[in-house]
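> got a predicted structure plus its sequence, pasted below:
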Amino acid sequence: GTKGSIEGPYYLSGSPELGWNGTIPMRDDEPGTPMVFAGQVRAVDGTPLSDAKVELWHADDLGFYSQFAPGLPEWNLRGTWITNADGRFEIHSLRPAPYQIPTDGACGQLIAAAGWPSVAARAPAP
């Protein structure tokens, strides 16, 4: 794999840290449907992991990622949450819009074999 396939497309290190519970940085008029993404990070033996980093980034409603498209605030829709003593985090953001996953090549073969739909999240605009 490549660094981008391991870290994730459009990943950037250094996003703002927001404690264990916070709202992702966004424009005041950011369009989209509010969502809360919450969970708990645990070790393989089930022990909660405190101080684990949970990073989230996603495109805006038009499919653009901050720092990859002009005119967006530097850390728009990017943040890092640090789990609390119980390994919990709670992220307040906007629900990403759907996009078409490529259905050719190995990705398409996996989707077909698994019987998954090919729509997951909106692709970034070029």
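Arrived safely, thanks for sending.
> got the phi and psi for the nearest residue in space to Ser50 that is not next to it in sequence?
Spatial nearest neighbour of Ser50, chain neighbours left out: Ala85 (4.8 Å); criterion: CB to CB, 6 or more residues apart in numbering. C-beta coordinates here come from the backbone N, C-alpha and C atoms, glycine included. Main-chain torsions, Ala85, degrees, to the nearest 10: phi -60, psi -30.
> my guess is Ala85 contacts Leu49, does it?
No - judged on CB atoms under 8 Å, Ala85 makes no contact with Leu49 at a distance of 10.0 Å.
> who has more neighbours out of these two?
Between Ala85 and Leu49, Leu49 has the larger neighbour count (other CB atoms under 10 Å), namely 12 against 9.
> show me the contacts for the more buried one.
Shown in contact with Leu49 (CB atoms under 8 Å, 6 or more residues apart in numbering): 41-43, 83, 87.
> ok, it to Gln40 distance?
Noted for Leu49: a distance of 9 Å to Gln40, by CB to CB, to the nearest Å.
> joint contacts of those two?
83, 87.
> show me where this structure has its strands.
Counting by DSSP state E, one finds strands in the chain at the ranges 21-23, 34-40, 53-57, 78-82, 88-94.
> return the most buried member of these.
Ranked by mean neighbour count, these are led by strand 78-82 with a mean of 21 (mean count of other CB atoms under 10 Å).
> so what touches that one?
Residues outside strand 78-82 that contact it (CB under 8 Å, 6+ apart): 12, 15-22, 24-25, 51-57, 66, 89-91.
> go again with 7 Å.
With CB atoms under 7 Å, 6 or more residues apart in numbering as the test, strand 78-82 has contacts from 12, 15-20, 22, 24-25, 51, 53-57, 66, 89, 91.
> pLDDT weak spots in the protein?
By pLDDT under 70, the low-scoring segments of the chain are 1-8, 98-102, 118-126.
> biggest helix in it by residues?
Scanning the chain for the helix with the most residues, using DSSP state H, yields helix 105-114.
> export it as PDB, just CAs?
The C-alpha coordinates for helix 105-114 follow below in PDB (Å, rounded to 0.1, in the frame of the first residue of the first chain):
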ATOM      1  CA  GLY A 105     -10.800  -3.600 -10.500                       C
ATOM      2  CA  ALA A 106     -10.200  -5.200  -7.200                       C
ATOM      3  CA  CYS A 107     -12.500  -2.800  -5.300                       C
ATOM      4  CA  GLY A 108     -15.400  -3.700  -7.600                       C
ATOM      5  CA  GLN A 109     -14.700  -7.400  -7.200                       C
ATOM      6  CA  LEU A 110     -14.700  -7.100  -3.400                       C
ATOM      7  CA  ILE A 111     -18.000  -5.200  -3.400                       C
ATOM      8  CA  ALA A 112     -19.700  -7.700  -5.700                       C
ATOM      9  CA  ALA A 113     -18.400 -10.700  -3.800                       C
ATOM     10  CA  ALA A 114     -19.600  -9.200  -0.500                       C
END
